[in-house]
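> predicted model, plus sequence, below.
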Amino acid sequence: MNNYRVKKFNDKFLITTDHGSWVFLNNDQFNLLTRNEIDKDVKFFELLEEKGIILTSKNEKRVIISLRKKYDFLFIGTSLHIIVPTLRCNQKCTYCHAGSKSLDEYVDMDEKTANAVVGFIFQSPSKKIAIEFQGGEPLLRFDIVKQIIEYAKKINNKFNKDLIFIVVTNLSLMDEDKLDYFIKNNVNLCTSLDGPEYLHNKNRITIDNQSHELVEKWIKKMQEENHKRKINKKINVLLTITKESLNYSKEIINEYARLGLNEIFLRPLNKLGKAKSVWDRLGYTPEEFIEFWKKSIDYLLELNKKGVIIREYSSLFILQKLIDGIEPNYFEQRSPCGAAIGQLAYNFNGDIYTCDEARMIDEDLFRLGNVHTDNYKNVILSNQTCSMVAASINDTQICDNCAFKPYCGICPVCNYAEHGSIITNISSSARCKIYMAQFKYLFDKIENDSEAYNIFCKWLNQK
C-alpha cells in the first residue's frame with residue numbers, strides 16, 4: 001500500500017498520494033481501502049493500481065518516476081533572478097509591497113554593481129536564467145536596465161544558457177524608443193491593472209491621475225505592434241486585490257475582457273511593505289478573499305461558456321498539478337519553496353535576498369550576502385539559505401496530515417510578515433486558509449461539474 005491522505009467531500013472521500021495522484025472514492029470503496037480488502041473487487045483494485053494508491057510490480061517504476069519528476073526543480077539551480085535598478089518610483093500605490101522611495105532619494109544601482117550582479121547570476125548552474133527587473137520603477141533607470149541586458153547577453157555567449165528578460169513596470173515612463181528596444185531584444189513586459197479606471201487610479205496614485213490611461217495606452221500599443229510586426233509579444237498583467245476590489249469582481253474581469261486580455265491573476269494582498277501599515281484600511285480576512293475569488297471564478301466560467309476565453313492563473317497553477325500531473329514550478333506552491341534555490345533578489349546596492357518578497361521586508365534574517373563580497377556557492381550553502389529551505393518544507397509540519405499537501409507549499413516570508421516567525425502554526429495563516437479553499441473548490445468542480453472540467457482542460461491546452 002502506498003502512503004495516502006484523506007479528505008472527506010460530502011458523501012465521497014478524496015485520496016491523494018505523495019507523487020500527486022488522486023481519486024475520489026464512495027463510502028463502500030473507502031471502507032474496502034481502509035480495511036485492506038481491495039482484492040475483493042477486481043475493478044476497484046485496478047483503479048487503485050492505475051492511480052498509484054497501491055504499489056504493484058506493474059506501477060512501482062511509474063510511481064517512482066513521477067515522484068522524481070515532481071522534485072526535479074531541486075537539481076536545477078537558481079533560475080529566477082530579480083534585480084532592483086532603483087527603489088525610486090513615480091507612483092504612490094496605496095498598498096506598495098516594494099517599499100519604494102520618493103524620486104528625490106538616491107537609491108539607484110551603479111554600473112559597477114550592475115555588472116557584479118550579472119557576474120553573480122551566471123554562477124548559477126541552471127541552464128535557464130530569467131532576469132527580472134523590479135523596483136521602484138525600473139524605467140527610471142532605463143540606462144542600467146539596458147546595461148544589464150547587454151552585459152548578460154555578452155556573458156551568455158560563453159555560457160549559452162536559455163536567457164530571458166522581464167521588466168515589471170507601471171508603464172508611465174514608457175515611450176516608443178523604449179518599447180522598440182524591448183521588442184527588438186525580446187524583453188517581456190509585465191504591468192499592473194487593478195480593474196476599471198476608478199478602481200485602478202484609487203489604488204495606484206499619480207499626480208496627474210493618469211495611471212490607468214497610460215496602462216491602457218501601452219497595452220493597446222503592444223497589441224498593435226504584435227499585429228504590425230507579426231510577433232506574439234504580450235504584456236503580462238497583474239492584479240492586486242484590496243478591500244475596495246472585493247465589491248467589483250465582475251467589473252474587474254470585464255475590464256480585462258474589454259482590453260482583450262485573456263489571462264487574469266487574482267492575487268490576495270500580502271502584509272508586506274506599505275500594505276502592512278495600512279492593513280486595517282486595505283486588508284481583509286481570508287474568508288472575504290475566498291468569497292471574492294469563488295465569485296470571480298464562477299463568472300469567468302460563465303464568460304468562457306459564452307466564448308470569452310479568460311483564464312485565471314492561481315487556478316491554472318493548481319490545475320496543472322491536478323489534471324496534467326505536472327509541477328508548474330510556481331515557487332509559492334513548492335515544497336521547498338523557491339527561496340534562494342529557485343530565485344534570488346538583488347537590491348540596488350548589491351545585497352542578495354532569498355526572494356523579492358524577502359527583499360521587501362529588508363531584514364538581515366533574509367539577507368544572504370552581497371554580490372561584491374560573496375559568491376553563489378557560499379550563498380546557496382549558507383546556514384541562512386538552509387534555514388529558509390527547511391522552513392518551507394511541508395513534510396515536517398502539520399501540513400503532512402493534509403490531503404492537499406502534495407500540491408501546496410509554505411512561504412517563510414509570509415509567515416514572518418503575518419506572525420513574526422518563519423515557522424508558525426500554518427493552519428492559522430491566511431495563505432493556508434486561502435489555499436485550502438481553492439483546492440476544495442477546484443477539486444469539487446473537477447469531480448462534479450463536467451462543463452467546468454472541460455473549460456479547465458481548455459485552459460491547460462492553451463497554456
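That came in fine, so what should we check first?
> for the stretch 251-400 of the chain, just list every one of the strands.
Taking DSSP state E, counting those that start in this stretch to define them, one finds strands in the stretch 251-400 of the chain at 263-264, 266-268, 311-312, 343-346, 351-353, 367-370.
> so which elements touch the second one?
Here strand 266-268 touches strand 235-241, helix 286-305, helix 313-319, going by 3 or more Cβ pairs under 8 Å, 6 or more residues apart in numbering; DSSP states H and E. Every residue, glycine included, has its C-beta placed from N, CA and C.
> how about 7 Å then?
In terms of contacts (3 or more Cβ pairs under 7 Å, 6 or more residues apart in numbering; DSSP states H and E), strand 266-268 is packed against strand 235-241, helix 286-305.
> got a list of what Ile326 touches?
By Cβ atoms under 7 Å, 6 or more residues apart in numbering, the residues touching Ile326 are Gln320.
> so Lys154 is in which element?
helix 142-159 (DSSP states H and E).
> kindly export that helix (C-alpha atoms) in CSV.
This file holds the C-alpha atoms of helix 142-159, laid out as CSV (Å, rounded to 0.1, in the frame of the first residue of the first chain):
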residue,chain,number,x,y,z
PHE,A,142,16.5,52.5,-18.2
ASP,A,143,20.2,53.0,-18.7
ILE,A,144,21.0,50.4,-16.1
VAL,A,145,18.3,48.1,-17.4
LYS,A,146,19.9,48.3,-20.9
GLN,A,147,23.4,47.8,-19.4
ILE,A,148,22.4,44.6,-17.6
ILE,A,149,20.6,43.2,-20.6
GLU,A,150,23.5,43.8,-23.0
TYR,A,151,26.2,42.6,-20.5
ALA,A,152,24.2,39.5,-19.7
LYS,A,153,23.9,38.7,-23.4
LYS,A,154,27.6,39.2,-23.9
ILE,A,155,28.5,36.9,-21.0
ASN,A,156,25.9,34.3,-22.3
ASN,A,157,28.0,33.9,-25.4
LYS,A,158,30.3,31.8,-23.2
PHE,A,159,27.6,30.0,-21.1
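> which outside residues touch that helix?
83, 85, 109, 111, 114-115, 118, 122, 131, 133, 138, 163, 165, 167, 178, 185, 187.
> re the thing from before, of the helices and strands packed on strand 266-268, which stretch is the most buried?
Greatest average neighbour count among these goes to strand 235-241 (a mean of 20), per mean count of other Cβ atoms under 10 Å.
> now it, how far from the chain's geometric center?
12 Å (Cα atoms, centre = their mean, to the nearest Å).
> thinking again about what came up before, looking at the helices and strands packed on strand 266-268, which has the lowest confidence?
When the helices and strands packed on strand 266-268 are ranked by mean pLDDT, strand 235-241 comes last with a mean of 93.
> for it, output the C-alpha coordinates as PDB.
Taking Å, rounded to 0.1, in the frame of the first residue of the first chain, the C-alpha atoms of strand 235-241 are listed here in PDB:
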ATOM      1  CA  ILE A 235       2.300  42.400 -21.800                       C
ATOM      2  CA  ASN A 236       1.600  40.300 -18.800                       C
ATOM      3  CA  VAL A 237      -0.800  42.000 -16.500                       C
ATOM      4  CA  LEU A 238      -1.000  41.600 -12.700                       C
ATOM      5  CA  LEU A 239      -3.900  42.400 -10.400                       C
ATOM      6  CA  THR A 240      -3.700  43.200  -6.700                       C
ATOM      7  CA  ILE A 241      -6.900  42.800  -4.700                       C
END
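> quick one: strands adjacent to that strand?
Strand 235-241 sits in its sheet next to strand 187-192 (parallel), strand 266-268 (parallel), going by DSSP bridges.
> what about the stretch 51-200 of the chain, any weak spots by pLDDT?
By pLDDT under 70, the stretch 51-200 of the chain contains no weakly predicted segment.
> just the strands in it please.
80-83, 92-93, 128-133, 162-168, 187-192.
> out of those, indicate the one that is most buried.
On a mean-neighbour basis (criterion: mean count of other Cβ under 10 Å), the most buried of the strands of the stretch 51-200 of the chain is strand 80-83, at a mean of 23.
> helices and strands around that one, which ones?
For strand 80-83, the packing partners by 3+ Cβ pairs under 7 Å, 6+ apart are strand 128-133, strand 343-346.
> so Val215 makes contact with Leu171?
Yes: Val215 is within contact range of Leu171, at 5.3 Å (criterion: Cβ atoms under 7 Å).
> list the residues that contact both of the two?
Common neighbours of Val215 and Leu171, counting by Cβ under 7 Å, 6+ apart, are Thr191.
> nearest to Asp449, out of the strands paired with strand 235-241?
With Cβ to Cβ, the closest approach to Asp449 among those belongs to strand 266-268: 19.1 Å.
> what residues sit buried inside the closest one?
Leu266, Pro268 (16 or more other Cβ atoms under 10 Å).
> next one: it to chain centre, how far?
So, by Cα atoms, centre = their mean, the centroid of strand 266-268 is 10 Å from its chain's centroid.
> now stretch 276-286
21 Å.
> who's in contact with the residue with the shortest distance to the centre of the chain?
In the chain, the residue lying closest to the centroid (Cα atoms, centre = their mean) is Tyr330, at 5.1 Å. Residues in contact with Tyr330 (Cβ under 7 Å, 6+ apart) are Phe317.
> ok, Gly135 next?
Val84, Thr86, Leu87, Cys89, Ala98, Ser100.
> re earlier: turn the helices and strands packed on strand 80-83 into TSV, including distance to Lys228.
As requested, the helices and strands packed on strand 80-83 are exported to TSV (distance: least, Cβ to Cβ, whole Å):
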stretch	distance to Lys228
strand 128-133	25
strand 343-346	34
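> of these, which is nearest Tyr407?
Using Cβ to Cβ, the nearest of the helices and strands packed on strand 80-83 to Tyr407 is strand 343-346, at 20.0 Å.
> quick check: closest non-adjacent residue to Phe265.
Leaving aside its chain neighbours, Phe265 sits nearest to Tyr313 (4.0 Å; criterion: Cβ to Cβ, 6 or more residues apart in numbering).
> relative to Tyr435, how far out is the residue nearest to the centre of the chain?
12 Å (Cβ to Cβ, to the nearest Å).
> who touches stretch 273-281?
Thr94, Tyr95, Cys96, His97, Ala98, Gly99, Leu269, Lys271, Leu282, Met360, Ala417.
> list the buried residues in it.
So, applying 16+ other Cβ under 10 Å, buried residues of stretch 273-281: Gly273, Lys274, Ala275, Lys276.
> list just the nearest of the residues you listed to Phe73.
Closest to Phe73, out of all of those and judged by Cβ to Cβ, is Gly273, at 27.5 Å.
> got a pLDDT number for Asn209?
On the pLDDT scale, Asn209 gets 80.
> how about it, secondary structure?
Per DSSP: H, G, I helix; E, B strand; the rest coil, the secondary structure class of Asn209 is coil.
> same deal with the one 3 residues further on?
Recorded secondary structure, His212: helix (three-state DSSP).
> could you list every residue that touches it?
His212 neighbours (Cβ under 7 Å, 6+ apart): Glu197, His200, Asn201.
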